[in-house]
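Trainee: model this:
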Amino acid sequence: MLKDGRPLLFLFGGLDPSGGAGIVADAHTALALGVYPMTICTALTYQTEDHFEGMRWIPEPEIYAQLSCLLNQYAPEVIKFGIIERFSLLRALIEMVNSVAPATKVVVDPVLHASAGFSFHAQLPSGNDLTEVLSIVSVITPNLVEMQRLSGDLSPEIGASALASRVPVFLKGGHGSESLVQDTLFEKDKVYRFEHPRLPGKGKHGSGCVVASALAARLACGDALHEACAFASAYGTAFLKSSSTLLGDHSRTLV
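Mentor: Here you go, the predicted model:
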């Protein structure tokens, strides 16, 4: 938390020059919700809202240097991860934060593809890497496609339900085809469903990032997990309505 009382959120992820996705979109979301964002860049991407040209991963020493600089002065309520090269790096960064701020909550958005179709990883993390990371994570926020890949091609609901024995799963339903979009929080012994009508059109660039960062921001404000998920689902819907282009407008995203 900052000295003036504002909750503090560390955001790890890629830099999208268009600002629609990645750490710029995360920061826009946090600021709109009264949370102060600090960003750690894990990758540079070359993209617009509808075209992906390429990317390069930031070298690990530079990622550690960014985080170390912040941890020398600040302790976040929540950290949120977008794209990251390796799950073993993810674990090391979480442990680095926990060594300074052990109560920090951890939100992991396992982004595997850009909305324009580019795949960030040729191979998924190994089962051991995934298991070790999930033991120190507060919630993961996959969409339907990501959940299916992470669970070895099980149906997203079955995969999320199975994974919830190890970590809460907020399954984002925007990639479905039903008339109602259903976002679902799976916990060990509870399931919460949040439904809203599917909107016409192509959606918004970076909407998955926005939903995950809205969840992280509300956790930083002190919400319980199911409350933060309910808010994030509603915020994502409002964000989709916020403009007529693929780039949303947080100033018009009203929940």
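
Trainee: Please count neighbours and contacts with C-alpha atoms only from this point.
Mentor: OK.

Trainee: quick one: the strands in this structure?
Mentor: With DSSP state E as the criterion, the chain has strands at 8-15, 36-47, 52-57, 78-81, 105-108, 139-140, 169-171, 180-186, 191-197.

Trainee: Tell me which of the ones you listed lies nearest to Leu247.
Mentor: Of all the strands of the chain, it is strand 36-47 that lies closest to Leu247, at 12.7 Å by C-alpha to C-alpha.

Trainee: Tell me the buried residues in the closest one?
Mentor: Neighbour counts over strand 36-47 (16 or more other C-alpha atoms under 10 Å) mark Tyr36, Pro37, Met38, Thr39, Ile40, Cys41, Thr42, Ala43, Leu44, Thr45, Gln47 as buried.

Trainee: Report the angle between it and strand 8-15.
Mentor: Interaxial angle, strand 36-47 versus strand 8-15 (axes from the mean of the first three to the mean of the last three C-alpha atoms, to 10 degrees): 10 degrees.

Trainee: Give me the sheet partners of strand 36-47 and which way each runs.
Mentor: Applying DSSP bridges, strand 36-47 is found paired with strand 8-15 (parallel), strand 52-57 (antiparallel).

Trainee: Can you check which of those gets nearest to Ser135?
Mentor: When the strands paired with strand 36-47 are compared by C-alpha to C-alpha, strand 8-15 sits nearest Ser135, at 18.9 Å.

Trainee: C-alpha coordinates for the closest one, PDB please?
Mentor: C-alpha atoms of strand 8-15 as PDB (Å, rounded to 0.1, in the frame of the first residue of the first chain):
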ATOM      1  CA  LEU A   8      -0.800  -1.200  -4.700                       C
ATOM      2  CA  LEU A   9      -0.800  -3.700  -7.500                       C
ATOM      3  CA  PHE A  10       2.300  -5.100  -9.300                       C
ATOM      4  CA  LEU A  11       1.600  -6.000 -12.900                       C
ATOM      5  CA  PHE A  12       3.900  -8.400 -14.800                       C
ATOM      6  CA  GLY A  13       3.300  -8.900 -18.500                       C
ATOM      7  CA  GLY A  14       4.000  -7.800 -22.100                       C
ATOM      8  CA  LEU A  15       4.100  -4.300 -23.400                       C
END
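
Trainee: partners of His196 in the sheet?
Mentor: In this structure, His196 bridges to Val181 when assessed by DSSP bridges.

Trainee: ok, it touching Gly173?
Mentor: No. The pair His196 / Gly173 is not scored as a contact, 10.1 Å apart, by C-alpha atoms under 8 Å.

Trainee: Touching both of the two, which residues are there?
Mentor: Common contacts of His196 and Gly173, defined by C-alpha atoms under 8 Å, 6 or more residues apart in numbering, comprise Val181, Gln182.

Trainee: Could you check which of the two has the larger neighbour count?
Mentor: Neighbours were counted for His196 and for Gly173 using other C-alpha atoms under 10 Å; Gly173 has more, 23 against 13.

Trainee: Any idea how many residues pack against the nearest residue to Tyr235 once chain neighbours are set aside?
Mentor: Sequence neighbours aside, Val255 is the residue nearest to Tyr235 in space, at 5.8 Å (criterion: C-alpha to C-alpha, 6 or more residues apart in numbering). Residues near Val255, counting by other C-alpha under 10 Å, number 12.
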